[in-house]
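K.L.:
A predicted structure for the sequence below; I have some questions about it.
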Amino acid sequence: MTSAKTRSNQGLLAAGAVALCGAMWGIFWVPLRWFDSTGVGGGWVALIFNAVALLSALPWHPRLAAWQGFRDQMINGLLLGTAFSLYTVSLVMTDVIHAILLFYLTPVWSTLGSWLLYRQRLDAARLLAIVLGFAGLAAVLGVTEGLPMPRNLGDVVALASGMFWAAGSIRSFRRPSDRIALPVFCFSLGGVLSSILILVVAAQAALPLATPGPLMPMLPGIVLVALVLFVPPNFMVLWAAQRIDPARVGILLMTEVLFGAISAAILSGEPFTLADGAGTALIVAAGLIEVLRR
């Protein structure tokens with residue numbers, strides 16, 4: 001039987017892994033924007049990233065049919081893989097800071113989802129975190145013209161990606177796997193399938209996401225970025241998501257908000273308004289409240 005000390009150490013290790021993943025993903029937008037500037041559509045980049053991750057999981061266990069709980073993990077993978085595919089393309093469809101902040105409303109969706117599906121108790125601190133999260137959403141989207149609504153398709157995609165991630169996180173925590181390769185494989189397969197669907201829809205709508213551009217010359221660079229900034233965090237965060245609750249996963253991943261906001265303000269050339277600053281502070285505060293209440 002696992003001792004309390006071992007569980008505590010695993011919890012600390014998992015929390016540290018998630019925070020590190022968030023920091024790495026905070027600069028994830030930089031190569032994505034660069035690939036986009038060369039003419040390679042974000043849909044193709046997302047597909048290659050997920051394909052590399054899918055292949056990386058295969059050597060861990062060659063007999064996929066022998067994996068227990070494949071159906072459960074595949075559902076988790078479809079939710080999480082779709083979430084990250086949507087988030088990846090949103091980073092080239094809207095302002096970087098807006099894509100990041102709209103995705104990182106995940107603690108709000110995770111808390112609400114756990115309450116609705118599993119009747120997890122909502123105390124005053126969690127209610128305050130939800131209020132602050134929605135206030136941050138309103139600040140980012142703007143309230144000058146009435147109800148805060150997404151300004152463009154990229155905002156909608158980023159918002160949806162956070163909801164999918166929250167649903168996948170809740171399910172991963174409730175239905176864990178004892179083999180990390182299986183969740184990574186299913187996550188990556190879900191990402192591949194959703195990326196293909198994104199490419200098909202984008203092609204039908206004539207969106208730049210489906211433009212291959214100089215795909216083959218850029219392929220080694222895309223694979224290299226996948227191996228550095230995509231595959232290792234996937235393994236770490238999926239391992240951690242099965243050991244700490246989904247709201248905390250979303251909160252610890254907020255290191256991406258800090259790294260993303262700073263890097264976007266310095267490198268993207270996009271305006272970082274007072275409203276964006278207020279939204280960042282409110283959404284981060286919502287996450288901090290959830291951490292401090294524990």
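P.N.:
Arrived safely.
K.L.:
state the mean pLDDT of stretch 17-29.
P.N.:
Mean pLDDT, computed over stretch 17-29, is 83.
K.L.:
and if you look at stretch 119-129?
P.N.:
77.
K.L.:
quick one: end-to-end length of it, please.
P.N.:
Terminal residues of stretch 119-129 lie 17 Å apart, using C-alpha to C-alpha, to the nearest Å.
K.L.:
mind listing what's buried along that stretch?
P.N.:
Using 16 or more other C-beta atoms under 10 Å as the test for burial, stretch 119-129 gives 120, 126, 129. Using the backbone N, CA and C atoms, a C-beta is placed for each residue, glycine as well.
K.L.:
and those residues as JSON lines, adding secondary structure?
P.N.:
Formatted as JSON lines, the buried residues of stretch 119-129 follow (DSSP: H, G, I helix; E, B strand; the rest coil):
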{"residue": "Gln120", "secondary structure": "coil"}
{"residue": "Arg126", "secondary structure": "helix"}
{"residue": "Ala129", "secondary structure": "helix"}
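K.L.:
wait, which of those residues is closest to Ile27?
P.N.:
When these are ranked by distance to Ile27 (C-beta to C-beta), Ala129 comes first, at 26.4 Å.
K.L.:
Ile289 is in contact with the closest one, correct?
P.N.:
Yes - in this structure Ala129 lies within contact range of Ile289 using C-beta atoms under 8 Å: 4.4 Å.
K.L.:
where does the stretch 1-150 of the chain dip in pLDDT?
P.N.:
Applying pLDDT under 70 to the stretch 1-150 of the chain flags residues 1-11, 60-68, 143-149.
K.L.:
show me where it has its helices.
P.N.:
Using DSSP state H, counting those that start in this stretch, the helices of the stretch 1-150 of the chain run over 4-25, 29-38, 42-57, 70-90, 96-103, 106-118, 124-141.
K.L.:
among the ones you listed, which comes closest to Ile198?
P.N.:
Counting by C-beta to C-beta, Ile198 lies closest to helix 42-57 out of the helices of the stretch 1-150 of the chain; the figure is 5.0 Å.
K.L.:
buried ones in the closest one?
P.N.:
Quick answer for helix 42-57 (16+ other C-beta under 10 Å): 42-54, 56-57.
K.L.:
which strands or helices does it pack on?
P.N.:
Applying 3 or more C-beta pairs under 8 Å, 6 or more residues apart in numbering; DSSP states H and E, we find helix 42-57 packed against helix 29-38, helix 70-90, helix 181-204, helix 215-225, helix 231-241.
K.L.:
quick one, it and helix 215-225 angle?
P.N.:
Helix 42-57 runs at 50 degrees relative to helix 215-225, counting by axes from the mean of the first three to the mean of the last three C-alpha atoms, to 10 degrees.
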